[in-house]
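Enquirer: Got a predicted structure here, sequence first:
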Amino acid sequence: MSETEKEMTPEERINYLRERGILVETPEDRRREQIKTIMNETDVDENGEEYDDLKFVHVPHNESLPIRELSMKVSKNRLSSKSGDLLLDELKPFFSALSKKADISLFKDSAAKHFGSADAPQVSVEALRQVTEQAQVETFALVRPTESNKYTSVNIYLDEVGMLKRLPLNKRAADLASKAGFNPAPSFYGDIFIGRIQYKPVLHNIDFKKEDTTVNSQWLQKATMENLEYQTEMNQITGTNEVQASADGANGVAKAEKGYSWTQTEDELEIVIELSSSSKDGDGVGPIMNAKDAKAAGLKVKYFPKKTTVQFQGKELLSLEYFASVDTDGCTWTLDSTSKGVSLVITCEKADGVTWPRITA
């Protein structure tokens, strides 16, 4: 196996083999066959009750797989009754079939960020396991219901704990959210579905077709203004001025980690490591030095698709496994000298072109 193959992620290696004509079947492929069976089930009514096909869309996280239009059989009586959002129950088997173990450390990190470490809720591993096995479906409104859109929303349906399961980012879902006016776009994990709901005169599901996912679709062209209209109304009602929270490292605000700090845009990642410090209590690795001294101390930076390592003064200073892949050909490093010392600045181009929720895998 070549060095390039050794550094590939499992998904990259599978694609590499398939591109060379090798048939590879993965557990995910087998789960997808199970899902096809689940999603193609139809209702049979012995009393001759009339049914309609409700259309919605499936957007896989794997961009090599096509966006598909799906349908489910729904009785006309149920569509017109106060049954709520029917897709919430219909999609549970899908997310259950793709169930993975949740990482409780990610939950703790997320809770500490929102509540503060002292106030973060305590959750046992067993409780978290039970939550993930229930396969709850979460919704995210790409467009909120307003008077101008006749009180119709377009929703993304996703795994409620997709991040805790470390499911891959769904770039196409983030792109749609960005086009709908969300900046930065939220992170969506794993496969997602898109459906449409009309709230008046009674809440009911209506069709969302594959053609509605194109940039020229009417709902998407109006989405930004309609979301602004909705948020303005909510702010007036609640007396608040709600704004979307920024992702870690975004908007030029550095996120401090142990031994380094980092910032990001959709396209690039920048990591800053202090090599020396004039402060006795600083995080630097030695006395103050200049760029020439740093180079002479054996500074080595190595780039891999999902990892960067730094060696300095004969020791491994950093071994950082990324949340997603970077383009190694677009990675560089420089030394920044100031009166306080020398810092190593690593810049890498992202391979996916989206905002990451965190820097580490």
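Expert: Done, it's in. Note that this is a predicted model, so its numbers are computed, not measured.
Enquirer: Who does Thr338 form a beta bridge with?
Expert: Beta-bridge partners for Thr338, by DSSP bridges, are Gly341.
Enquirer: Local confidence estimate at the closest residue to Glu90 other than its chain neighbours?
Expert: Leaving aside its chain neighbours, Glu90 sits nearest to Met72 (5.5 Å; criterion: CB to CB, 6 or more residues apart in numbering). Glycine gets a C-beta too; all of them are placed from N, C-alpha and C. On the pLDDT scale, Met72 is placed at 88.
Enquirer: now do Thr232
Expert: pLDDT, Thr232: 74.
Enquirer: in stretch 262-277, what's buried?
Expert: 262-264, 266, 269-277 (16 or more other CB atoms under 10 Å).
Enquirer: Tell me which of those residues fall in helices.
Expert: Of those, none are assigned to helices by DSSP state H.
Enquirer: Which of those lies at the shortest distance from Gly314?
Expert: Comparing the buried residues of stretch 262-277 against Gly314 with CB to CB picks out Leu275 as the nearest, at 13.7 Å.
Enquirer: Flag the shaky bits of the stretch 51-200 of the chain, pLDDT-wise.
Expert: The model of the stretch 51-200 of the chain has pLDDT under 70 over residues 78-82, 98-135.
Enquirer: where along the stretch 201-350 of the chain do the helices fall?
Expert: For the stretch 201-350 of the chain, the helices defined by DSSP state H, counting those that start in this stretch occupy 218-238, 291-296.
Enquirer: Could I get the CA-only coordinates of the longest one as PDB?
Expert: Read that as helix 218-238. Extracted C-alpha coordinates of helix 218-238, given in PDB (Å, rounded to 0.1, in the frame of the first residue of the first chain):
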ATOM      1  CA  GLN A 218     -39.000  30.300  -6.500                       C
ATOM      2  CA  TRP A 219     -39.100  29.500  -2.800                       C
ATOM      3  CA  LEU A 220     -35.300  29.700  -2.500                       C
ATOM      4  CA  GLN A 221     -35.100  33.000  -4.400                       C
ATOM      5  CA  LYS A 222     -37.500  34.500  -1.800                       C
ATOM      6  CA  ALA A 223     -36.200  32.700   1.200                       C
ATOM      7  CA  THR A 224     -33.800  35.400   2.600                       C
ATOM      8  CA  MET A 225     -36.400  38.100   2.700                       C
ATOM      9  CA  GLU A 226     -39.100  35.800   4.100                       C
ATOM     10  CA  ASN A 227     -36.800  34.700   6.900                       C
ATOM     11  CA  LEU A 228     -36.000  38.300   7.600                       C
ATOM     12  CA  GLU A 229     -39.700  39.100   7.700                       C
ATOM     13  CA  TYR A 230     -40.300  36.200  10.200                       C
ATOM     14  CA  GLN A 231     -37.400  37.100  12.400                       C
ATOM     15  CA  THR A 232     -38.500  40.800  12.500                       C
ATOM     16  CA  GLU A 233     -42.000  39.700  13.600                       C
ATOM     17  CA  MET A 234     -40.600  37.400  16.300                       C
ATOM     18  CA  ASN A 235     -38.200  40.100  17.600                       C
ATOM     19  CA  GLN A 236     -41.200  42.500  17.900                       C
ATOM     20  CA  ILE A 237     -43.200  40.000  19.800                       C
ATOM     21  CA  THR A 238     -40.500  38.900  22.200                       C
END
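Enquirer: in it, what counts as buried?
Expert: Neighbour counts using 16+ other CB under 10 Å place 219-220, 222-223, 226-227, 229-231 of helix 218-238 among the buried residues.
Enquirer: Name the nearest of those residues relative to Glu25.
Expert: Distance to Glu25, by CB to CB, is smallest for Leu220 among the buried residues of helix 218-238, at 36.1 Å.
Enquirer: and the residue nearest to the closest one when sequence neighbours are not counted, what are its phi and psi?
Expert: Leaving aside its sequence neighbours, Leu220 sits nearest to Lys179 (CB to CB, 6+ apart; 5.7 Å). When quoted as degrees, to the nearest 10, the phi and psi of Lys179 stand at phi -70, psi -20.
Enquirer: Same check on the one 5 residues further on?
Expert: In terms of degrees, to the nearest 10, the main-chain angles of Pro184 are phi -70, psi 160.
Enquirer: Tell me, how many residues neighbour it?
Expert: Pro184 sits with 19 neighbouring residues when counted by other CB atoms under 10 Å.
Enquirer: going forward can the numbers begin at 59, since that is how I track them
Expert: Done: numbering now begins at 59, and the last item shifts to Pro242.
Enquirer: Going by secondary structure, the nearest residue to it once chain neighbours are set aside is in what exactly?
Expert: Nearest non-adjacent residue to Pro242, counting by CB to CB, 6+ apart: Thr413, 4.5 Å away. Following DSSP states H and E, one finds Thr413 outside all helices and strands.
Enquirer: Please tell me how far Thr413 sits from Glu287.
Expert: 25 Å (CB to CB, to the nearest Å).
Enquirer: which residues sit in contact with Trp320?
Expert: 307, 312-313, 327-330, 417 (CB atoms under 8 Å, 6 or more residues apart in numbering).
Enquirer: just these now: which is nearest Gln294?
Expert: Nearest member of those to Gln294, counting by CB to CB, is Gly307, at 32.8 Å.
Enquirer: pretty sure the closest one contacts Glu315?
Expert: No: counting by CB atoms under 8 Å, Gly307 stays clear of Glu315, with 9.7 Å between them.
Enquirer: Now for those two: what residues contact both?
Expert: Counting by CB under 8 Å, 6+ apart, the residues touching both Gly307 and Glu315 are Ile417.
Enquirer: Please enumerate the strands of the stretch 59-208 of the chain.
Expert: Secondary structure of the stretch 59-208 of the chain (DSSP state E, counting those that start in this stretch): strands at 109-117, 126-133, 195-201.
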